[in-house]
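> what would the 3D arrangement of this be:
(one chain, ligands or ions: 1)
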Amino acid sequence: MAAALYPARESATKAAVRVPSAQGFKAYEPAGEFEAYAAQHANGWALWVRWVAGDEPVPALPETMTVRVTNRGEGPGYSGVGIVTVTVAARCPQCGGPRGWDTVKTSRITEDGEHYYADAWSNPCGHLDLYADVLRESRLRPVPTTALLELPAPVPEVEPPTPDSAAGLVLAAAKERRGMHAAQAANLLVEHGMTDEAELIRTEMRARRGHLSAKAAAHLLHSGGAQ
Ligand SMILES: [Zn+2]
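Numbering: from 1, shown residues only. This next block holds a predicted model:
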């Protein structure tokens, strides 16, 4: 849910940086329980906030989504239907809220007796994405295909983490809970008395404004970040 609307990008971005550490935001205490980002909104800049410290797994928000849409050609007149795969921002262009990237389903389109398969999704904010708009967006506003806030790909590891190490514990839990967030990994480590490792994850989460998966946290611990 959008938490606030700001006239200027700078104010929204500043607020988004302060949410994970709950600086100046009583509602987001204790620190580390919320993640936030600022995004362009039809009426300014929206601050989007999400609670990530619950028991249920919270998948990390992707920066982009790749979908199949219909292409009906540029010119006037009927030119049939084609299917193209495009990558667009995983945020609603109207309000900046998360798009329904986790609701994408194959949808069958029948035209002139032929079947075509495109993707359908529904945005939690309620704004509709029309194929023609998505196609135009992919051409006018190309997005990098790799997420900007993801950790760099881990270097091939010589030794996998041992099962009773902090990284091993988190990796095992992440395998069972798809989309596990780093906040839950930190809670898990606290339960096992590994408070230093948990604190390291929370510090990294704050630095990444909450964008950190449990898997990425495990890599961080295993790559020696826990010194
Ligand atoms: Zn929207």
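
> near the ion, which residues of this structure?
Where the chain comes near the ion, counting by C-beta under 5 Å from the ion, the residues are 92, 94-95, 97, 125, 127. In short, each C-beta sits where N, CA and C put it, glycine included.

> neighbouring strands - and their directions - for the helix or strand containing residue 35?
Here residue 35, judged by DSSP states H and E, is contained in strand 34-41. Applying DSSP bridges to the sheet, strand 34-41 is found paired with strand 44-51 (antiparallel).

> so what does the following helix or strand past the partner strand touch, helix or strand wise?
Counting by DSSP H and E, the next helix or strand C-terminal to strand 44-51 is strand 64-71. Counting contacts by 3 or more C-beta pairs under 8 Å, 6 or more residues apart in numbering; DSSP states H and E, strand 64-71 is packed against strand 82-89, strand 114-120, helix 131-140.

> and strand 64-71, average pLDDT?
Averaged across strand 64-71, the pLDDT comes to 94.

> if we can go back for a sec, and residue 182, which of the helices and strands packed on strand 64-71 is closest to it?
Closest of the helices and strands packed on strand 64-71 to residue 182 is strand 82-89, at 22.5 Å (criterion: C-beta to C-beta).

> show me what the closest one is packed against.
strand 64-71, strand 114-120, helix 131-140.

> out of those, deepest packed?
Stretch with highest mean neighbour count among the helices and strands packed on strand 82-89: strand 64-71 (a mean of 19; mean count of other C-beta atoms under 10 Å).

> just want the angle from that one to strand 82-89.
For strand 64-71 against strand 82-89, the angle by axes from the mean of the first three to the mean of the last three C-alpha atoms, to 10 degrees is 150 degrees.

> CA-only coordinates of strand 64-71 in PDB, if you can.
Coordinates of each C-alpha in strand 64-71 appear next as PDB, following Å, rounded to 0.1, in the frame of the first residue of the first chain:
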ATOM      1  CA  THR A  64      11.500  -6.100 -13.700                       C
ATOM      2  CA  MET A  65       9.100  -8.700 -15.100                       C
ATOM      3  CA  THR A  66       9.200 -10.500 -18.400                       C
ATOM      4  CA  VAL A  67       5.800 -11.300 -20.000                       C
ATOM      5  CA  ARG A  68       4.300 -12.300 -23.300                       C
ATOM      6  CA  VAL A  69       1.900  -9.700 -24.800                       C
ATOM      7  CA  THR A  70       0.000  -9.400 -28.000                       C
ATOM      8  CA  ASN A  71       1.400  -7.200 -30.800                       C
END
